[in-house]
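Undergrad: could you look at this predicted model? Sequence included:
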Amino acid sequence: MLRTAVNYLKSNKIKIQIPKTPLTKPNKPKEDALRITPFGYSNEHLSSDLLKNVITTINNHPDSLVLTRVGGFYEAYYDHALDLSKLLSFSVGEKSYNKTRFPMAGFPSYQLQKHLRTLVVDHSLFVAINDQFFNHATGAFDRKVTRVITPGTLIDESSLNPSTHNFLVSVVLHGDCVGLAWSDISTGDSYAESCIPSDLKSFIARLSPSEIVFDIQLTSAQTQTLHSLLGAHDSIITHAHISSQPPSPLYTPIENAAISLLQSRIQASLIENTPSITPTKETDSHKLILDAQTIRGLELKSTIRENRASGSLVKAVRRTSTQQGNRLLERWLCEPSSDIAVITARHDCVALLTSRKHLRRHLRAMLRDIEDGPRLLQRVLLGASYKPSLLLSVKRVMENSHNVVSAILAEYDHERDSNEDLTAHQGEWQSLLTLSNSLRPLIKFAQRIDSVIIEDALRAKDDESEDVEESEGESSETSETTDTRKSNTQTYNDDYKRSITPQHSPAIAKLNKKLDKLYEQRNKFVSTVMQDLKATDASHVALRSNQKLGHYITARKSSVKALPTAYQIVASQKSTASYSHPQWTAIKSAIMDTSDELERAERDALTSLKDELAAESEAFRHNNHLIAQLDVLTSFAEMADEKHWVRPTMTTERCLHVTDGRHPAVEMALHDSLNSFTPNDVNMDRNAYINTIFGPNMGGKSTYLRQNAIIVIMAQAGSFVPARAATIGLVDRVFSRIGASDDLSGGRSTFMVEMSEAAEILQNATPSSLVIMDEIGRGTTSLDGLSLAYAILLHLAQENKSRTFFATHFHELEDMLSGDLPIKHLSTDLVEKDGAFSFTYKLRDGVCRDSHGIVVARLAGIPTQCIEKAQHANSVLTPHNMHSSDALRVLKNA
Ligand SMILES: Nc1ncnc2c1ncn2[C@@H]1O[C@H](COP(=O)(O)OP(=O)(O)OP(=O)(O)O)[C@@H](O)[C@H]1O
């Protein structure tokens, strides 16, 4: 009856990676081996309550791998144990109940985060955490599932990539409208929007969610429709109910439906501590839309061939210093703005920071010290790997954010007071000041945390509790020692470490005073003990406490002199004796009780600080978003200065002019191999908005296409651009048809994919769009390909009227497209000098009629014999004689 998560995912055709070897039954371990398994298994019998709970939990969570907390360990039973041991490469143990033995595997609780990464991130499993709670009434442990961890609901820092968001997206389809709500639970960022069905794919490509939620009540036809709208993606699909919660007037009904679907999915996962989703309505809602192929084809987030981040645009241009900045940079590049005011304000900030190297350096140094505020906040609020000292980290983020903004304002004041020419930069300063001044005042709250918490003590306590967790299960005798072995100096290494200042509350002040007094009494008592024992010539005097003897005094026996009667022998060994003393028992008991009381009061104080932080969470998130923006803008400025990028002029005209444009990632790769990049120009206006690019294979056509799209994207994201000058007419969408790929699982051949992508462009591109098309029509016969290329170009020129870069080897197009069309032909060349060939990479006007495919094939290493045959065929055949029997005879007789 038990169904493991692996089986469930497999049976639902959900993509998982499982070990190649099949899951097997464990060998029956030997009795002795059971006691020494690496996960600390002891050969105990399971209690019937625990067993019942485990079986019920497994049955209630048929999709999940159930991990049950037992003491200091997380354990899995039955076939879940087999799966766990296989996936984590553990050996399997056994437990028994009523003489029945069954498999068990587990690990110490402090290793949970590490193993969740393997189970949930690497293997896309769902893991139900069956936690234990001590029940004071029964004196036993109760257990219940507190979280069902899935790829989209991870909040544990160590399982997440800090530089990218981990989105959970809900999708609702109603007629011609799709409602979407998405949230990164680890940062608290949540949004909702609606779109037309054909845009769903681009949304998903931009967000790269790890999990997509469908309404559980969808019919199979509706599910199928949604799947086809989503296209290919790497996310897992889960289901939830659309819960009935009050709709927000900020959102449309379909957006509200998506929000409640998302909320109920989160509720089902974060059972004990469900965050409430309040999506942000984006102020900058005018976006440059990039479709899924474009994000992939331009290698914005990862390379096409190996799907690696290194080599991608994000990686090539990233100079950010914070994790929140890394995430925002990715968002801005995949979702640039199409609002000229927003873009201009960003360019203003970049201009200012580019020209002020000292300010930029100062800011970058300060930004590097800012921790990942949004994820820290979520850890505090959701209790995932929470420890009180996180409040100190939150405080530091507040202070450092304040310092970053203060540094900007101070620089402005300094320039205003000393620089007469400030008016020339007034607009740029205005943009940076508007952004900086939006910082919400949290510094007082930071000061409050500072005045309440005793930092060193709280950190030491957290470190100790981590150590305790790691050593849980090991036996340890608690002891307080006042050791006089080496000198008369008395050390009280077990004194209570206070982590909250007495000024915090009268109750805490009172308890502190009481404890101080008790410590004073103890010190006096210790002096008396020392005198008494010295009188008997005893040495190695120590005051201890343990469970067996209670509070007692030990000393090395060296004299027969009698001690006062208050000293009662409680244990005696060959050379040492242990004594109880009523005064010591009274003092020590009072110290322990008061310490406990103080600890509880301090814990309450920390909880109320946590609540205060929850009330300020919106302001804290706002400030972190501000820091992320300043970080990305500083990163853009760093890049502009380092690589000599320029500020583009933005206009609403349908034009694109670039002087000496470059491709940032290709230029970087060439630079690494000590080669230089050849820059190229663009000149497009309303009379000539289509460029066809001809030239040899490997001549740089695709690079040119991509670099122009990237220049537009970088500009509209707010960055300067890799060029000597640029004027960019605002673009509403970038479409691309690049590279050949099939979609076998979707039942589409390479040519079919190519045509579907072209169809989408022709149906959706507007006069404000930018289209790049690489070698359309190459996947079929030359004649069909040429005809399609011709017709598509004409359609783009006459119907869509989009700015278009069209790379092709069909030089016949020059003759076919003559006449009054807004098309300009450009070419790169292959030149020969002393028998050596080289590419010019420089575009010139006109059409290159030779693709030099055979030369490139030789350079690629095709065997000489084969090349010679190709050269012969090439010299015999022409487009006109290809089917003539004479030509074919000459070819065969060669
Ligand atoms: N402007 C340039 N300056 C220097 N090197 C370049 C330039 N453009 C491209 N290259 C180099 O040439 C290689 C091939 O470029 P690209 O893929 O753009 O050629 P292509 O003309 O599209 O080739 P094909 O027609 O075979 O697809 C690039 O990987 C890069 O190393």
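TA: Arrived safely, thanks for sending. None of these values were measured; they are calculated from a predicted model. Numbers count the residues shown, from 1 in each chain.

Undergrad: CA atoms for contacts and neighbours, from now on please.
TA: Will do.

Undergrad: below-threshold pLDDT in the stretch 501-650 of the chain: ranges please.
TA: Low-confidence segments of the stretch 501-650 of the chain (pLDDT under 70): 537, 558-561.

Undergrad: what's around the residue in it that the ligand sits nearest to, how many residues?
TA: Residue nearest to the ligand within the stretch 501-650 of the chain: K643 (15.7 Å; CA to the nearest ligand atom). K643 is flanked by 15 other residues according to other CA atoms under 10 Å.

Undergrad: quick check: it touching R724?
TA: No - with contact defined as CA atoms under 8 Å, K643 does not reach R724; the gap is 10.8 Å.

Undergrad: from the ligand, how far off is the residue nearest the centre of the chain?
TA: The centroid of the chain falls nearest to T164 when counting by CA atoms, centre = their mean (3.2 Å). Counting by CA to the nearest ligand atom, to the nearest Å, the separation of T164 from the ligand is 27 Å.

Undergrad: helix/strand/coil for that residue?
TA: State at T164, reduced to three classes by DSSP: H, G, I helix; E, B strand; the rest coil: coil.

Undergrad: if I pick it, what's in contact with it?
TA: Residues in contact with T164 (CA atoms under 8 Å, 6 or more residues apart in numbering) are 326-327, 330.

Undergrad: mind putting those residues into a markdown table with secondary structure, pLDDT and neighbour count?
TA: Converted to a markdown table, the contacts of T164 look like this (DSSP: H, G, I helix; E, B strand; the rest coil; pLDDT from 0 to 100; neighbours: other CA atoms under 10 Å):
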| residue | secondary structure | pLDDT | neighbour count |
| --- | --- | --- | --- |
| N326 | helix | 95 | 24 |
| R327 | helix | 95 | 17 |
| E330 | helix | 94 | 23 |
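
Undergrad: closest one to S264 out of those, please.
TA: R327 (26.0 Å; CA to CA).

Undergrad: contacts only, for the closest residue to E599 other than its chain neighbours.
TA: Spatially, and ignoring its direct neighbours in sequence, E599 is nearest to R498 (8.0 Å; CA to CA, 6 or more residues apart in numbering). For R498, the contact set (CA under 8 Å, 6+ apart) comprises 454, 457-458, 599.

Undergrad: go on, N326?
TA: Counted by CA under 8 Å, 6+ apart, N326 has contacts 163-164, 318, 320, 628, 632.

Undergrad: distance of it from the ligand?
TA: For N326, the distance to the ligand equals 27 Å [CA to the nearest ligand atom].

Undergrad: so how many other residues sit close to V121?
TA: There are 18 residues near V121, going by other CA under 10 Å.

Undergrad: is it true that it touches S159?
TA: Yes - V121 is in contact with S159 according to CA under 8 Å; the separation is 7.0 Å.

Undergrad: so which bits of the protein are right by the ligand?
TA: 677-679, 696-703, 841 (CA under 6 Å from any ligand atom).

Undergrad: buried subset of the residues you listed as a ChimeraX selection?
TA: The ChimeraX command for the buried members of the residues of the chain next to the ligand (criterion: 16 or more other CA atoms under 10 Å) is given here:
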select :677,679,696,697,698,699,700,701,702,703,841
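
Undergrad: as JSON lines, the residues of the chain next to the ligand with pLDDT and distance to I237 would be great.
TA: Below are the residues of the chain next to the ligand laid out as JSON lines (pLDDT from 0 to 100; distance: CA to CA, whole Å):
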{"residue": "F677", "pLDDT": "93", "distance to I237": "44"}
{"residue": "T678", "pLDDT": "95", "distance to I237": "46"}
{"residue": "P679", "pLDDT": "96", "distance to I237": "45"}
{"residue": "P696", "pLDDT": "86", "distance to I237": "45"}
{"residue": "N697", "pLDDT": "84", "distance to I237": "42"}
{"residue": "M698", "pLDDT": "86", "distance to I237": "41"}
{"residue": "G699", "pLDDT": "88", "distance to I237": "43"}
{"residue": "G700", "pLDDT": "91", "distance to I237": "40"}
{"residue": "K701", "pLDDT": "92", "distance to I237": "39"}
{"residue": "S702", "pLDDT": "92", "distance to I237": "35"}
{"residue": "T703", "pLDDT": "93", "distance to I237": "36"}
{"residue": "Y841", "pLDDT": "92", "distance to I237": "45"}
